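Undergrad: Any chance you could fold what I've pasted below:
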Amino acid sequence: MSIEQFRQLIVEFTQGLAGRALDGELQRWLNREHGPQSASYRRLRLACVDGVAAGWMCHREHAGIRYGRVVKPADDTARFSVDVVDMDSIAGGHHVHPLGEIDLVMPLTGDARFDGHGAGWCVYPAGSDHVPTVSGGRALVMYLLPEGQIQFTR
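TA: Model prediction:
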């Protein structure tokens with residue numbers, strides 16, 4: 001899959017997120033409608049795995065974490081940016097989500113979990129913060145950030 005094809009997949013997906021509050025209800029909806037058993041999850045996961053293998057996704061590395069911004073916020077992505085990280089039993093940098101964060105967790109090895117979440121979606125509301133941590137194996141995590149906003153604190 002090319003970066004252009006990935007972007008189109010994101011455009012189609014984020015249209016269903018436009019105007020929704022980033023909260024527990026959105027997390028439940030995403031896991032119900034786009035969870036690991038769904039075609040949309042499988043498409044997004046395969047696109048990320050292929051993008052990493054092709055070298056255009058997660059092409060940067062710092063402190064054992066591969067990462068990269070793949071899509072900048074735009075009107076056709078409902079103002080979400082998309083970052084993808086490749087983490088293997090490691091913690092990242094503490095950060096704050098000024099407008100919230102939507103994460104797609106895609107385990108690759110073992111029983112990989114992201115902040116305690118297995119395969120599927122987790123949603124952080126505006127103003128929340130965390131130290132993103134993958135335990136139990138390797139996972140890709142796709143971050144959807146409203147307006148691309150994230151504030152690293154350390």
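Undergrad: Just after the longest helix belonging to the chain, pick out the following helix or strand.
TA: When the chain is parsed with DSSP state H, its longest helix is helix 39-54. Heading C-terminal from helix 39-54, the first helix or strand you meet, by DSSP states H and E, is strand 60-62.
Undergrad: Kindly provide the whole-number mean pLDDT of that next one.
TA: Averaged across strand 60-62, pLDDT comes to 94.
Undergrad: I'd like the mean pLDDT over the helix or strand following that strand, please.
TA: Downstream of strand 60-62, the first helix or strand assigned by DSSP H and E is strand 65-71. Per-residue pLDDT over strand 65-71 has a mean of 96.
Undergrad: Kindly report the same for stretch 26-36.
TA: pLDDT averaged over stretch 26-36 gives 97.
Undergrad: helices and strands around the longest helix of the chain, which ones?
TA: For helix 39-54, the packing partners by 3 or more CB pairs under 8 Å, 6 or more residues apart in numbering; DSSP states H and E come out as helix 3-14, helix 24-34, strand 80-91, strand 101-107, strand 133-146. All C-beta spots, glycine's among them, are computed from the backbone N, C-alpha and C.
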